[in-house]
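K.L.:
make a model of this:
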Amino acid sequence: MPSEPPPYSRAALRRPRILLVDDDPGVIRALWRMLRLCQPNLQINTAGSASQALGAIAELNYDVVITDLQMPGGGGRAVLEELAAHHPETARVVHSSQLESADMDAVRSLSHVILSKPTTEQDLMEAIEKSLQRVEKRRSGAL
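P.N.:
The predicted structure follows:
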């Protein structure tokens with residue numbers, strides 16, 4: 001008779017992984033603090049450019065990536081396109097003050113949540129919760 005796996009496996013105990021991508025260190029610090037205070041169980045990594053983010057994504061699977069759109073040396077759209085093409089299970093959140101100058105049809109099609117800068121703690125936490133629920137549904141086969 002085969003035994004059932006324990007209800008809490010190693011995979012279930014892994015902390016949710018979040019990648020924050022923004023070229024402004026002040027924005028990164030503010031978002032990191034908000035997330036750490038509201039959800040201390042998150043594993044939060046940061047990237048200061050699209051190229052750093054793409055390197056981080058190649059090394060580690062993230063549950064949620066929160067990215068700015070306008071950054072020197074490559075924008076957040078490249079990050080969103082990489083995630084959509086090669087990591088569709090990752091929730092994609094845009095956090096930008098440049099939404100009016102962006103191709104919003106493309107941004108909407110590449111992202112799951114769009115937040116305008118500056119965002120409130122409540123909006124950020126709702127976006128994270130919604131994103132983590134989406135990831136969990138996808139893992140369970142509901143999406």
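K.L.:
quick one: the helices in this protein?
P.N.:
Taking DSSP state H as the test, the helices found in the chain are 10-13, 25-38, 50-59, 76-86, 104-110, 121-140.
K.L.:
so who does the closest residue to L124 other than its chain neighbours touch?
P.N.:
The shortest distance from L124 to any non-neighbouring residue, by C-beta to C-beta, 6 or more residues apart in numbering, is to M34 (5.6 Å). The C-beta positions use only the backbone N, C-alpha and C, and glycine is treated the same way. With C-beta atoms under 8 Å, 6 or more residues apart in numbering as the criterion, the residues that contact M34 are 121, 124-125.
K.L.:
now with 10 Å, please.
P.N.:
When the contact criterion is C-beta atoms under 10 Å, 6 or more residues apart in numbering, the partners of M34 are 119-122, 124-125, 128.
K.L.:
quick one: it and S96, what's the gap?
P.N.:
M34 sits at a distance of 17 Å from S96 (criterion: C-beta to C-beta, to the nearest Å).
K.L.:
if we can go back for a sec, report the two of the contacts of M34 separated the most.
P.N.:
In terms of C-beta to C-beta, these reach their longest pairwise distance at T120 and I128, which sit 12.6 Å apart.
K.L.:
of the two, who's got more company?
P.N.:
Comparing T120 with I128 by neighbour count (other C-beta atoms under 10 Å), the higher total belongs to I128, at 23 against 10.
K.L.:
with adjacent residues omitted, what lies nearest to the more buried one?
P.N.:
On the basis of C-beta to C-beta, 6+ apart, the spatially nearest residue to I128 that is not a chain neighbour turns out to be V64, at 6.3 Å.
K.L.:
nice, that's everything, thank you.
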